[in-house]
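S.K.: for reference, the sequence and a predicted model appear below.
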Amino acid sequence: MNYLTQIGSYFIMLREIFKKPTKWRIMKTLVLKEIDELVYGSLGIIIFISFFIGAVVTIQTALNLNNPIIPKNLIGFATRQSVILEFAPTFVSIIMAGKVGSYITSSIGTMRVTEQIDALEVMGVNSLNYLVFPKIIAMLFYPFAIAISMYVGIFGGWLAGVSGGFLTSTDFVTGLTLDFIPFHIAYAFIKTLLFAFVIATVPSFHGYYMKGGALEVGKASTTSFVWTSVVIIILNYILTQLLLG
Amino acid sequence: MIEVRDIHKSFGDAHVLKGLSTIFENGKTNLIIGQSGSGKTVFLKCLLGLFTPEEGDICYDNKSYSKLSTDEKRDLRQEMGMVFQGSALFDSMTVAGNVQFPLEMFTKQSKSEMTDRVDTVLKRVNLIDAHHKFPSEISGGMQKRVAIARAIVMNPKYLFCDEPNSGLDPKTAILIDDLIKEITEEYDITTVINTHDMNSVMQIGEKILFLKDGLKEWEGSKHEIFKTDNEAVTDFVYSSELFKKVRQMYIEERN
């Protein structure tokens, strides 16, 4: 019953976010600040993780495809499919649920604890619009980060595969172009956009409606990470079934 | 003027406000006192519109809050200034940014007009040198003064203060009290202060409302509080030896 109430409150919050918008002059500054903090500030970790994930996927595939009948270019094919379809959009989004999500929950939660949200409300500001809407807009740029993740992941795979002597560069590139379906890219970005919305709003919900003090801010961050991950995984299943099934 | 008519507020089974009525006049410093758990903060949040009473009504200059639309309520809030217990300054903004914030949000003033207004109110609270500092770089007393400056920058009709002296040394607390009183008179604001500080009661209490268990137990001025026979009020206000002696001296002086 409590979960249903929470889900209901989440959708009510979504409606409130779009009411009584903040002046564009102010919103513009907030959006740029959020792009810097949420997207640009996450590029380092995204690139780092993507590179090594791509490399490991290639090595694992190469080690498991040791039958001489199977062409080596399948390693490149498997790396491309794994990185584009799952690792970049889903795995990186779960990492972002931890990094960006906990930042969002703790920053909004701290504002709640220190009465800064009450101060906004007393002034007549729609605090949900002021705090959450810029994050949603900023996260629209998240697919660019995922595009970088895809490139870096595949590059990591190529480097690990070639430098490890598992396959030649030509085999890898041939595998990359093998049976390429452009819709898979669209599928990955559709997922990414929805995950971006989830990463912006679910942690905001947990921060905005938290009660208590500093300890509860920590607890809310943990809860928000768990729920954001759960929602991402469930959405991933539903979208895959709908778009590729 | 704020007129409170028989308001009730509950949280689950806890009936916090049990039919509270009073009038807060403009140009006066109205103080709400009472023990912890007596309903002071809930009452203040009802006055601010952060909590909605289940019964009763609050009228702001004869405008009934319960009859206002959501947008009208937000507009009314722009006529309110609030000084929170912990100041509630925005950490990411400088002192000037905090004070300028309501102007940016709700006025069409040019940058120079806003800067002038910010300078005026910061000068009024004696903080003209703290413009570019962040809240974490200034003392608690200065933070309170910034909060007051932010609360009055829009020329509010109503000023609410929640424990404005908490965490301050007695000297700074007196400065803050005097500042609030001066601003109240200067701008003819209806000021409502939630406090535990008996020095404030004696210093600026033009009207004092004593709450007990969610009800109005007593109301009067700082002069009347010396004469009252209400046991709950005397037990609360004169709980310290110092104030007992002060009261004794006052009574002896009168006799």
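M.R.: Nice, I can see it. Numbering: from 1, shown residues only, chains lettered A, B, ... in the order given.

S.K.: only C-alpha atoms for contact and neighbour calcs from this point on.
M.R.: Noted.

S.K.: could you pull out the strands for the stretch 1-150 of chain B?
M.R.: B:2-11, B:14-24, B:29-34, B:55-60, B:63-64, B:80-83 (DSSP state E, counting those that start in this stretch).

S.K.: would you map the strands across the stretch 151-255 of chain B?
M.R.: B:158-162, B:190-194, B:207-212, B:215-220.

S.K.: would you mind giving the ones you listed as TSV with mean neighbour count, mean pLDDT and distance to chain A added?
M.R.: TSV is the format used below for the strands of the stretch 151-255 of chain B (neighbours: other Cα atoms under 10 Å in any protein chain shown; pLDDT from 0 to 100; distance: least, Cα to the nearest Cα, whole Å):
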stretch	mean neighbour count	mean pLDDT	distance to chain A
strand B:158-162	25	92	10
strand B:190-194	26	93	14
strand B:207-212	23	92	23
strand B:215-220	18	90	25
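
S.K.: as TSV, those strands with distance to residue B:30 would be great.
M.R.: Output for the strands of the stretch 151-255 of chain B, formatted as TSV (distance: least, Cα to Cα, whole Å):
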stretch	distance to residue B:30
strand B:158-162	9
strand B:190-194	5
strand B:207-212	5
strand B:215-220	10
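
S.K.: residues from chain A in reach of chain B?
M.R.: A:22-23, A:26, A:114-116, A:118-119, A:121-125 (Cα under 8 Å from any Cα of the partner chain).

S.K.: how about 10 Å then?
M.R.: Contact residues, chain A versus chain B (Cα under 10 Å from any Cα of the partner chain): A:20, A:22-23, A:25-26, A:111-126.

S.K.: now do the longest helix anywhere in chain A: distance to the chain's middle.
M.R.: In chain A, with assignment by DSSP state H, the single longest helix is helix A:214-244. Centroid separation for helix A:214-244 versus its chain: 10 Å, with Cα atoms, centre = their mean, to the nearest Å.

S.K.: do the same with stretch A:38-55
M.R.: 11 Å.

S.K.: closest one to residue A:10 among the strands of the stretch 1-150 of chain B?
M.R.: Evaluated over these, closeness to residue A:10 peaks at strand B:2-11, with 21.3 Å, by Cα to Cα.

S.K.: got a list of what residue B:101 touches?
M.R.: Each residue near residue B:101 by Cα atoms under 10 Å, 6 or more residues apart in numbering or on different chains is listed here: A:26, A:120, A:123, B:90, B:93, B:95, B:114, B:118, B:150, B:153.

S.K.: from residue A:82, how far out is residue B:9?
M.R.: Using Cα to Cα, to the nearest Å, we find residue B:9 at a distance of 57 Å from residue A:82.

S.K.: who has more neighbours, those two?
M.R.: Taking neighbours as other Cα atoms under 10 Å in any protein chain shown, residue B:9 and residue A:82 compare with residue B:9 leading, 23 against 19.

S.K.: the longest helix of chain A packs against which elements?
M.R.: Other elements packing on helix A:214-244 under the criterion 3 or more Cα pairs under 10 Å, 6 or more residues apart in numbering or on different chains; DSSP states H and E are helix A:92-113, helix A:182-208.

S.K.: and it, what's buried?
M.R.: Neighbour-count burial for helix A:214-244 flags A:216-218, A:220-229, A:231-233, A:235-236, A:239 (criterion: 16 or more other Cα atoms under 10 Å in any protein chain shown).

S.K.: follow-up on the earlier one: ranking the helices and strands packed on helix A:214-244 by burial, who's on top?
M.R.: helix A:92-113 (a mean of 24; mean count of other Cα atoms under 10 Å in any protein chain shown).

S.K.: in the stretch 151-255 of chain B, which residue sits nearest chain A?
M.R.: At 8.7 Å from chain A, residue B:151 is the closest residue in the stretch 151-255 of chain B, using Cα to the nearest Cα.

S.K.: for that residue, which non-adjacent residue is closest in space?
M.R.: residue B:81 (4.1 Å; Cα to Cα, 6 or more residues apart in numbering or on different chains).

S.K.: ok, that neighbour - how many residues close by?
M.R.: 28.

S.K.: show me what it bridges to in the sheet.
M.R.: Counting by DSSP bridges, residue B:81 forms beta bridges with residue B:159.

S.K.: any idea how far it is from residue B:187?
M.R.: Counting by Cα to Cα, the separation of residue B:81 from residue B:187 is 12 Å.

S.K.: any shared contact partners between those two?
M.R.: B:152, B:155, B:156, B:157, B:158.

S.K.: so what's the third one scoring on pLDDT?
M.R.: By that I understand residue B:156. We have a pLDDT of 90 for residue B:156.

S.K.: tally of neighbours for the closest residue in space to it that isn't next to it in sequence?
M.R.: Nearest residue to residue B:156, sequence neighbours excluded (Cα to Cα, 6+ apart): residue B:79, at 4.6 Å. For residue B:79, the neighbour count with other Cα under 10 Å is 18.

S.K.: could you pull up the residues touching residue B:79?
M.R.: With Cα under 10 Å, 6+ apart, residue B:79 has these contacts: A:122, A:123, A:124, B:151, B:152, B:154, B:155, B:156, B:157, B:158, B:159.

S.K.: give the contact list for the fourth one.
M.R.: Meaning residue B:151. Counting by Cα under 10 Å, 6+ apart, residue B:151 has contacts A:119, A:123, B:78-84, B:99, B:102, B:121, B:145, B:158-161.

S.K.: returning to that earlier point: do I have it right that the residue nearest to residue B:151 meets residue B:162?
M.R.: No - using Cα atoms under 10 Å as the test, residue B:81 is too far from residue B:162 to be in contact (11.3 Å).

S.K.: contacts for stretch A:237-245, please.
M.R.: A:85, A:183-184, A:186-188, A:190-191, A:194, A:231-236.

S.K.: try 7 Å
M.R.: residue A:187 (Cα atoms under 7 Å, 6 or more residues apart in numbering or on different chains).

S.K.: by contact count, what packs against the one helix or strand residue A:171 maps to?
M.R.: Assigned by DSSP states H and E, residue A:171 falls within helix A:169-177. Applying 3 or more Cα pairs under 7 Å, 6 or more residues apart in numbering or on different chains; DSSP states H and E, one finds that helix A:169-177 makes contact with helix A:73-82.

S.K.: alpha carbons of the helix it packs on, as PDB, please.
M.R.: In PDB, the C-alpha atoms belonging to helix A:73-82 read as follows (Å, rounded to 0.1, in the frame of the first residue of the first chain):
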ATOM      1  CA  ASN A  73      35.200 -11.000 -36.800                       C
ATOM      2  CA  LEU A  74      32.300 -12.200 -34.600                       C
ATOM      3  CA  ILE A  75      34.300 -10.800 -31.600                       C
ATOM      4  CA  GLY A  76      33.900  -7.300 -33.100                       C
ATOM      5  CA  PHE A  77      30.300  -8.000 -33.800                       C
ATOM      6  CA  ALA A  78      29.600  -9.100 -30.300                       C
ATOM      7  CA  THR A  79      31.400  -6.200 -28.800                       C
ATOM      8  CA  ARG A  80      29.400  -3.700 -30.900                       C
ATOM      9  CA  GLN A  81      26.100  -5.300 -30.100                       C
ATOM     10  CA  SER A  82      26.800  -5.600 -26.400                       C
END
